[in-house]
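Asks: Sequence below, structure please.
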Amino acid sequence: MRKFFTGIWRVITFPFRLVFAVVTFPFRTIHRFYKLLNSEPDERPIADVFADIVTEKEVRDQLWEQIEAFRMHLLRAVVYLAIFVVASFWVTQPVMAFLAKPVGGLEKLQAIQVTEEIGVFMRVAMTVGIAVAFPLIAFEFWLFAAPGLKPREKKLGLVGIPLATILFLLGMAFTFYVLLPTALPFLGSFTSISQFWSAKEYFAFVTGLMLWIGGFFEFPLIIYVLTAIGLVNPKFLADQWRLAIVIIAVLAAAITPTVDPVNMGLVMIPMILLYFISIGLSYLAYAGRKKNAEVQEPASDVELG
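Replies: As a prediction, the model looks like this:
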């Protein structure tokens, strides 16, 4: 009988509980996010963690939980990307026309294979989807890493998401407005052969280059965050600048569409500039981390006293 009346009570109160859950959902979400943002992680030496993985079942279970959490965040990131790729279908045709301007428009390109047009359409839609979904994808990875970061590091990472998006878009814009106008004329000036470029090759070339350069523009922010959490030392970056330039030259040669020094230099110059900007940002992050440690140390001494 008691279960009967309990069931009736749940049915009667269900609309009120539903309204209460909907109304309080934003506040509960904000509270959980605030708690996550200001919670301190459990700090353990990494050597002890690896040792406990071998000896303690509880630690192994926690590791599998972390792997499962990463899988869920990765799955959500893929879902976001899929949603934005599908949504970009409505603007893909104008974007294709825009990207084809350096060669005189879409009518200057030709499809050789039967499935080439749909392949090009999907490639451009994927590029647009990545650019638009970038903040949400970065936020998912931040959510995964946040439980293991200190409050200051969490806030730096959170602030870095919009900055990372801006840098990524700047890299893509640099590729289209600076690199392509110099690379394409050079590519078509070797001989007097008539140029009838394949749409597949052209858009693969353009979108691939834009994504690569956009990714390289993230380097200063990545260095800043890694320095802020103590994984990178700015002095090491400053001392190894010659080696960095050699590595940048190799990378520029690998992603540059031509082997001439002009186009290679157009890729190297901003990458070298970004590296030295990264050194400056690394020193700023190191100073902030050192100052924060000095503030926390007296506070700990007062508590012990």
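
Asks: Packing partners of the helix or strand Val250 falls within?
Replies: If you go by DSSP states H and E, Val250 is part of helix 241-255. Packing contacts for helix 241-255, counted by 3 or more C-beta pairs under 8 Å, 6 or more residues apart in numbering; DSSP states H and E, involve helix 199-216, helix 261-304. In short, each C-beta sits where N, CA and C put it, glycine included.

Asks: Tell me the buried residues in that helix?
Replies: Buried residues in helix 241-255, defined by neighbour count with 16 or more other C-beta atoms under 10 Å: Ala244, Ile248, Ala249, Ala252.

Asks: Give the rounded mean pLDDT of it.
Replies: Taken as a whole, helix 241-255 has an average pLDDT of 83.

Asks: What of stretch 180-190?
Replies: 73.

Asks: How about residues contacting stretch 225-238?
Replies: 149-150, 152-153, 156-157, 160, 223, 244, 275, 278-279, 281-283, 285-286, 288-289 (C-beta atoms under 8 Å, 6 or more residues apart in numbering).

Asks: what sits against Leu143?
Replies: Residues in contact with Leu143 (C-beta under 8 Å, 6+ apart) are His73.

Asks: Check which element follows the helix or strand of the chain with the lowest mean pLDDT along the chain.
Replies: The least trusted helix or strand in the chain, going by mean pLDDT, DSSP states H and E, turns out to be helix 46-55, with a mean of 54. Per DSSP H and E, the first helix or strand lying C-terminal to helix 46-55 is helix 57-87.

Asks: Can you tell me which of the helices and strands packed on helix 241-255 has the worst average pLDDT?
Replies: helix 261-304 (a mean of 72).

Asks: tell me the phi and psi of Gln110?
Replies: phi -140, psi 150 (degrees, to the nearest 10).

Asks: Tell me if I'm right that it and Ser198 touch.
Replies: Yes: the criterion here is C-beta atoms under 8 Å, and Gln110 meets it with Ser198 at 6.4 Å.

Asks: More neighbours: which of those two?
Replies: Ser198 (16 against 13; other C-beta atoms under 10 Å).

Asks: residues contacting that one?
Replies: Contacts of Ser198 (C-beta under 8 Å, 6+ apart): Leu109, Gln110, Ala111, Ile112, Glu116.

Asks: The same query, at a cut-off of 6 Å, please.
Replies: Ile112 (C-beta atoms under 6 Å, 6 or more residues apart in numbering).

Asks: In terms of helices and strands, where is the residue lying closest to Phe217 once chain neighbours are set aside?
Replies: Distances taken as C-beta to C-beta, 6 or more residues apart in numbering place Gly171 nearest to Phe217, at 3.3 Å, with adjacent residues excluded. In this structure, Gly171 sits in helix 151-174 according to DSSP H and E.

Asks: Ser282 touches Ile223, doesn't it?
Replies: Yes: if you go by C-beta atoms under 6 Å, Ser282 and Ile223 touch, sitting 5.2 Å apart.

Asks: For Glu107, see how far away Lys101 is.
Replies: Separation of Lys101 from Glu107 (C-beta to C-beta, to the nearest Å): 12 Å.

Asks: if we can go back for a sec, what's the burial count for the residue nearest to Phe217?
Replies: Neighbours of Gly171 using other C-beta under 10 Å come to 22.

Asks: just to revisit the earlier point, would you turn the buried residues of helix 241-255 into CSV with distance to Ile67?
Replies: Shown next, in CSV, are the buried residues of helix 241-255 (distance: C-beta to C-beta, whole Å):
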residue, distance to Ile67
Ala244, 34
Ile248, 34
Ala249, 38
Ala252, 36
